[in-house]
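>>> Next come a sequence and a model predicted from it.
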Amino acid sequence: MSTRTSAVLAALLLSPSLLAGCGGGGQIGDSGGSADAKKMVLIPGVAAEPFYTSMECGFREAAAAAGYEVDVQAPARFESTLQTPIVTGVLADKPGAVLIAPTDDKAMAGPMKQLKDAGIKVVEVDTKLQDTSVAVSSVSSDNEQGGRLAARTLAELVGGGTGSVLVLNTKAGTSTTDARAKGFEEEVGKYPNLKYVGQQYTDNEPDQAASKVTATLAANPDLIGVFATNLNTGEGAATGLRNAGRTGAVNLVGFDASPKQVEDLRSGVVQALIAQDPATIGRTGVEQAVAAIEGKPVNRDVETDLVALTKADMEANSKYFYKQRC
Amino acid sequence: MTSLARRLASANTLWIGLVLLGLIAVFGALRPDAVLTVFTLQTTLVETSVLLVLSVGMTYVIITSGIDLSVGSVLVFSGVTSAMTMNALNGGDATGAGWGTVLVGLAVALLSGAAWGLLNGLLVARAGIPPLIVTLGSFGAALGAGQLLSDGSNVSGVPDVLGEGLGTGTWFGVPNLVLLAAAVTAVGALVLGTTRFGRHTYAIGSNEEAARRAGIGVTGHLVRVYLLAGVLAGLAGFMALAYFRVASVTGHDTDNLNAIAGVVLGGTSLFGGVGSVVGTVLGVFIPAVLRKGFVIVGVNVYWQPIAVALVLVAAVWFDQSRRKARNQR
């Protein structure tokens, strides 16, 4: 090694500014640059789903009213591998705040922590990380309450009838639908006329949901109610009941209120829908982000209301229908 | 030699058929009141129809020692284009439309499927890109294109006549969807087993270079095989539209794997040159019967995927070791 190289190395090692700047090991995305505080980005769980579109509408409206520039970047599918590059892309842009629906409660912790470390205020909307130290605030529906509401609604629809009830879940380990199923299971136990036959997983595939409904009908001919915990299970359940000729005879309670589901409620394919309030989630997320940027007090956890829609009262509650576009 | 190969293939089919019968017998013994009913038979058949049509095309592709990962996405794309065309012809909502609209919708679905199949075929056969990569590309691209067209949401407004005619209608107690799938399967089996097109498919899968030297137009034939898989995926998309009465853009992520599993379970070799449509029929029904049976019998939900996987791997392992024993004799 030449003396010149050694001198350079020594200078590098001793350079106090470099040591202070890096503090030893660095992380991707550490590079400087200051945040554009007047900009806010929403990263939904998946592109162009009516639920997230309605959230986006609330987000855009509230952010514009607060004088913020907005951007929305959604992954094509609800997957952490697709959402991570979006997060790192947004990181390079350095907005003042990011509203994000993490697609995985653990895998998204790393990328989201990079946002936080870069001085960007992170607000979780709809879903959340297990690590509660990353976000300044989490705004979501109380999914367990939604499940309980579904059980109560089903009991009302059934009236005095007796029979078996089934829950169609998506994939094991999906926190939102698991919470809905859990709430339903707890509440349905209070109604002795409803016999809970357990939940079935469907991999979020409508054809599996249809098959599990007809299989349950074969095993339990007294099936009187089905709680489908999301859009795909609801569509599959409706198909299964239609094939069995039991549409309407078996009460189907769906979750969410996208246009197709609302149409199905109107035409009697579905008997009730448990609707979230995504627009309010988006608006509240903006409020919390603005408060965090301005250094005002922030609510760590905000839960928005859910509402049960039945054919009888649906038109009065049309503000809860999800939108395809703003 | 060919007669021996054929006998072997039919014997394999026999064994898979016995596995299927065995499963039905076990579930039937456990819950005879729920399993051995017309209702369970009807629903199991209907629920497997769409996958069966996909798997017939997949059988041809795999026999040429290719693979088509794009079928589920092409199904979604065809369903979306078909539903949107039918809606556009009827001022945005085709629910009340007649059979004319339905036929246009069918044509659009088949053409959409054909377009993706042709693209796959040209890239595989002419450009010489490995089928795994080509169809992995179209798997993403067709789904993306479908979501782009539909704005990422499911497309509703499917004509009632289609839903009630093809989707839930029956003919002497046999669901129409099942009849359609059975017709497609029968034609697929006959073409593969008895025509020159079928023989060329096997020949290319056994040894592509030998087939080329024997004067078979390998390039053109491969394009036609992928085209066939695409058209059948388009038809499956139309059938799914009739069945679910909505073009779902999120619900077909694993259709490709389900179709491949059914084909391989049915005795078709992933290395090409060996296989049959009859085997595929049996292979497609084994997972379907397992899933249904487990729910009826009440197997713990977390055990279900494990048990399905175990039976799949065990059946193929059994088949392989039996084939090895034969070859050594």
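That came in fine, so what should we check first?

>>> rounded to a whole number, what's the mean pLDDT of the helix or strand containing B:Ala83?
Assessed by DSSP states H and E, B:Ala83 sits inside helix B:71-89. Across helix B:71-89, pLDDT averages out at 96.

>>> since we're on residue 113, how many residues are nearby?
Went with chain A since none was named. Number of residues near A:Lys113 (other CB atoms under 10 Å in any protein chain shown) recorded here: 17. For the C-beta atoms, the positions are set from N, CA and C on the backbone; glycine is no exception.

>>> Can you look at chain B instead?
B:Gly113 has 32 nearby residues by other CB under 10 Å.

>>> Surely it and B:Ala233 touch.
Yes. Counting by CB atoms under 8 Å, B:Ala233 is a contact partner of B:Gly113 at 4.8 Å.

>>> Now A:Ala279: closest residue in space, sequence neighbours ignored.
Once flanking residues are discounted, A:Ala279 sits nearest to A:Gly58: 3.5 Å by CB to CB, 6 or more residues apart in numbering or on different chains.

>>> List the residues that contact that neighbour.
Taking CB atoms under 8 Å, 6 or more residues apart in numbering or on different chains, we find A:Gly58 in contact with A:Pro278, A:Ala279, A:Thr280, A:Ile281, A:Gly282, A:Arg283, A:Val286.

>>> And the fifth one, which helix or strand is it part of?
Remark: A:Gly282 resides in helix A:278-293, with elements defined by DSSP H and E.

>>> Show me which of the contacts of A:Gly58 is closest to chain B.
Distance to chain B, by CB to the nearest CB, is smallest for A:Pro278 among the contacts of A:Gly58, at 14.0 Å.

>>> State the pLDDT value of residue 256.
Answering for chain A, as no chain was given. 92.

>>> wrong chain, I was asking about chain B
Looking at B:Asn256, the pLDDT reads 93.

>>> B:Val178 touches B:Thr44, doesn't it?
No. Between B:Val178 and B:Thr44 there is no contact under CB under 8 Å: 9.7 Å.

>>> Residue 131: neighbour count?
All of this is about chain A. Here the number of neighbours of A:Asp131 (other CB under 10 Å) works out to 14.

>>> if you could check chain B rather than the one you did, that'd help
23.

>>> for the helix or strand following the helix holding B:Ala83, packing partners?
Where DSSP H and E defines the elements, the next helix or strand beyond helix B:71-89 is helix B:99-121. Under the contact definition 3 or more CB pairs under 8 Å, 6 or more residues apart in numbering or on different chains; DSSP states H and E, helix B:99-121 sits against helix B:71-89, helix B:131-150, helix B:160-162, helix B:218-244.

>>> tell me which residues in helix B:99-121 are buried?
Neighbour-count burial for helix B:99-121 flags B:101-102, B:104-106, B:108-121 (criterion: 16 or more other CB atoms under 10 Å in any protein chain shown).

>>> Report the separation between the residue of chain B found nearest chain A and B:Leu122.
Here chain B gets closest to chain A at one residue, B:Gly152, 2.7 Å apart by CB to the nearest CB. Between B:Gly152 and B:Leu122 the distance is 28 Å, computed by CB to CB, to the nearest Å.

>>> So between these two, which is more surrounded?
Shown here are B:Gly152 and B:Leu122; by other CB under 10 Å, B:Gly152 has more neighbours (22 against 17).

>>> residue contacts, the more buried one?
A:Val46, A:Ala47, A:Ala48, A:Glu49, B:Val249.

>>> can you tell me the residue of chain A closest to chain B?
Counting by CB to the nearest CB, chain A gets nearest to chain B through A:Ala48 (2.7 Å).

>>> Once you drop chain neighbours, what's closest to that residue?
B:Gly152 (2.7 Å).

>>> what separates that neighbour from A:Pro75, distance-wise?
According to CB to CB, B:Gly152 and A:Pro75 sit 11 Å apart.

>>> Overlap in contacts, these two.
In contact with both B:Gly152 and A:Pro75: A:Val46, A:Ala47, using CB under 8 Å, 6+ apart.

>>> got any ranges where the stretch 101-250 of chain B has weak pLDDT?
Scanning the stretch 101-250 of chain B for pLDDT under 70 picks out no residues.

>>> Make TSV from the contacts of A:Gly58 and add neighbour count and pLDDT to it.
Compiled in TSV, the contacts of A:Gly58 are given as follows (neighbours: other CB atoms under 10 Å in any protein chain shown; pLDDT from 0 to 100):
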residue	neighbour count	pLDDT
A:Pro278	29	94
A:Ala279	23	94
A:Thr280	19	95
A:Ile281	25	95
A:Gly282	28	96
A:Arg283	22	96
A:Val286	27	96
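
>>> Among these, list the two that are farthest apart in space.
A:Pro278 and A:Val286 (13.0 Å; CB to CB).

>>> And A:Ala35, what's its pLDDT?
For A:Ala35, the predicted pLDDT is 56.
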